[in-house]
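J.: The sequence and its predicted three-dimensional model are supplied below.
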Amino acid sequence: MIWQSVLEKFKELFGSEGEIGVYFAPGRVNMIGEHTDYNGGHVFPCALTIGTYGAARKRTDKKIRFYSLNFEHLGVIESSVENLKPEKEADWTNYPKGIMWAFGEKGMSVEYGMDLVLYGNIPNGSGLSSSASVEVLTGFILRDLFGFDVSNQDLALIGQYSENKFNGVNCGIMDQFAIAMGKAGHAIFLDTATLEYEYAPIKLENAKIVISCSNKKRGLGDSKYNERRSECETALAEIQKVKAIHSLGELTEEEFEEVKSAIGSDIRIRRARHAVYENQRTIKAVKALQNNDVTLFGQLMNDSHASLRDDYEVTGLELDTLVEEAWKVDGVIGSRMTGAGFGGCTVSIVKDKAVETFIEQVGKAYEEKIGYAADFYVVEIGDGPKRLY
Ligand code: GLA
């Protein structure tokens, strides 16, 4: 068991006395609804059974000791609850530190330190939200160790707050929400304008969800993510001069076509068009699923990719190659990039009997064209965070 080896490592590094808790928080994949969550639109993500494991113990002083089995070369990184600020040398620990800081900002000051050992089996920088997974996990651990009165939805909001304000990425709520609120076998249809949500069962008869990882690393912070977000904000402000709306997510396709001439640049028209059409596509996709029309769901996934490639311009050669090669395989119901883009992963729905061919064919074509290999994962939809021990 993975969690047992995390606990063993904890005991080896920090001793076995006192109460040690072992926890898990998932990663997530978004089925459709990309770059809509900061535009007041809908998303449709699900939690995975891969994620981050953590062993933790409360301390009686202010010290924090961090260790990650994914970054063993960094050794034990120390900090203090009295000194919670982002630091380059703090590396990955800026995520858990950010959560401890955010709890304080929300009136739940963390008075004592802790020892924490993490291990994640989400491929790093893959766009499956390893950082949001660490954030939600840390919040879950703080709640458990210190007895804070917060719901799982609060843990998602605190995670987003710390990502925005501590780690400097203007992300929306999707990743942390999908992780904190995950439910096995279900995707979450979330309206990011109101945080109203519904669980939708994902019953894929004779098909699997396959993640293809481009192995092109994506650092959100240095990517064009914040730039896309501000392009959408400018487009919204331009539209607001002619129509009273609060977000691009309020517009139907027809309404957008009527007001788009208010947007002052072709690039911003394309960015806003993606946000509007992708939101409508997400609503249609969930309806299709409710009607058991997986073929239409797949087609909408394909359309989503084309819009992210042509209008939003967040795909790039690696993701386009994975998706375009996937589309060629008989038995692929739908395929698109997932997450922020600029590298990371694609998500495909593939008929059981085609999975092997898919991995072989897409893998071969990718390596030939890109020069290095992609990785493939057949994934299951899992639950939100939990205490394992
Ligand atoms: C990243 C962000 C999310 C969302 C996606 C794009 O994963 O963290 O909030 O904006 O990109 O859909």
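T.: Now that the structure is in, tell me what you want to look at.
J.: Quick check: residues of the stretch 251-389 of the chain near the ligand?
T.: 339, 340 (CB under 6 Å from any ligand atom). Placement of C-beta: from N, CA and C, glycine included.
J.: could you show me where the strands are in the stretch 251-389 of the chain, in order?
T.: Per DSSP state E, counting those that start in this stretch, the stretch 251-389 of the chain carries strands over the ranges 332-338, 345-351, 375-379, 386-387.
J.: Can I get the ones you listed in a markdown table including mean pLDDT, distance to residue 195 and mean neighbour count?
T.: Converted to a markdown table, these look like this (pLDDT from 0 to 100; distance: least, CB to CB, whole Å; neighbours: other CB atoms under 10 Å):
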| stretch | mean pLDDT | distance to residue 195 | mean neighbour count |
| --- | --- | --- | --- |
| strand 332-338 | 98 | 21 | 27 |
| strand 345-351 | 98 | 23 | 26 |
| strand 375-379 | 97 | 26 | 17 |
| strand 386-387 | 98 | 22 | 12 |
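J.: out of the ones you listed, nearest to residue 121?
T.: strand 375-379 (10.0 Å; CB to CB).
J.: Need the contact partners of the closest one.
T.: Strand 375-379 is contacted from outside by 29, 48-50, 123, 208-213, 215, 355, 358-359, 362-363, using CB atoms under 8 Å, 6 or more residues apart in numbering.
J.: do stretch 12-19 as well
T.: 57, 58, 65, 67, 76, 115, 117.
J.: Let's see that with 6 Å instead.
T.: 57, 67, 115 (CB atoms under 6 Å, 6 or more residues apart in numbering).
J.: From these, list just the buried residues.
T.: 57, 67, 115 (16 or more other CB atoms under 10 Å).
J.: now, among the residues you listed, which is nearest to residue 135?
T.: residue 67 (17.6 Å).
J.: same for the helix or strand hosting that closest one, what does it pack against?
T.: Taking DSSP states H and E as the definition, residue 67 sits inside strand 63-68. Contacts defined by 3 or more CB pairs under 6 Å, 6 or more residues apart in numbering; DSSP states H and E place strand 63-68 against strand 77-80, strand 114-120.
J.: Look up how far residue 175 lies from the residue in the stretch 201-350 of the chain that the ligand sits nearest to.
T.: As assessed by CB to the nearest ligand atom, the ligand sits closest to residue 340 within the stretch 201-350 of the chain, at 3.5 Å. According to CB to CB, to the nearest Å, residue 340 and residue 175 sit 9 Å apart.
J.: more crowded one of the two?
T.: residue 175 (30 against 23; other CB atoms under 10 Å).
J.: Check for me that the more buried one belongs to a strand.
T.: No. Residue 175 is assigned helix when assessed by DSSP: H, G, I helix; E, B strand; the rest coil, not a strand.
J.: show me where the stretch 101-250 of the chain has strands.
T.: 114-120, 186-191, 196-201, 207-213.
J.: May I see those arranged in TSV, with distance to residue 86 and mean pLDDT as well?
T.: Formatted as TSV, the strands of the stretch 101-250 of the chain follow (distance: least, CB to CB, whole Å; pLDDT from 0 to 100):
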stretch	distance to residue 86	mean pLDDT
strand 114-120	17	98
strand 186-191	28	98
strand 196-201	30	98
strand 207-213	27	97
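J.: Just put the ones you listed in JSON lines and tack on distance to residue 162.
T.: Formatted as JSON lines, the strands of the stretch 101-250 of the chain follow (distance: least, CB to CB, whole Å):
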{"stretch": "strand 114-120", "distance to residue 162": "15"}
{"stretch": "strand 186-191", "distance to residue 162": "20"}
{"stretch": "strand 196-201", "distance to residue 162": "21"}
{"stretch": "strand 207-213", "distance to residue 162": "26"}
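J.: Tell me the spacing between whichever residue of the stretch 1-150 of the chain sits closest to the ligand and residue 347.
T.: Residue nearest to the ligand within the stretch 1-150 of the chain: residue 34 (4.1 Å; CB to the nearest ligand atom). Distance, residue 34 to residue 347, using CB to CB: 10 Å.
J.: ditto for residue 202
T.: Counting by CB to CB - residue 202 and residue 347 are separated by 12 Å.
J.: what do you get for residue 338?
T.: 4 Å.
J.: Residues that sit against both of the two, list them.
T.: residue 29.
J.: For stretch 381-389, what is the distance to the chain centroid?
T.: Mean C-alpha position of stretch 381-389 versus that of the full chain (CA atoms, centre = their mean, to the nearest Å) differs by 16 Å.
J.: Give the buried residues for it.
T.: Quick answer for stretch 381-389 (16+ other CB under 10 Å): 381, 382, 383, 384, 385, 388.
J.: What parts of the stretch 101-250 of the chain come near the ligand?
T.: Close to the ligand, as judged by CB under 6 Å from any ligand atom, the stretch 101-250 of the chain has residues 171, 172, 174, 175.
J.: Let me know whether the second one touches residue 37 as I believe.
T.: To tie it back to what came earlier, the one meant is residue 172. Yes. Look at residue 172 against residue 37 with CB atoms under 6 Å: they come within range, at 3.0 Å.
J.: more neighbours, the two?
T.: residue 37 (26 against 20).
J.: Mind giving me the PyMOL command for buried ones among the contacts of strand 375-379?
T.: Selection of the buried residues among the contacts of strand 375-379 in PyMOL, burial being defined by 16+ other CB under 10 Å:
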select buried, resi 29+48+50+123+208+209+210+211+212+213+215+355+358+359+362+363
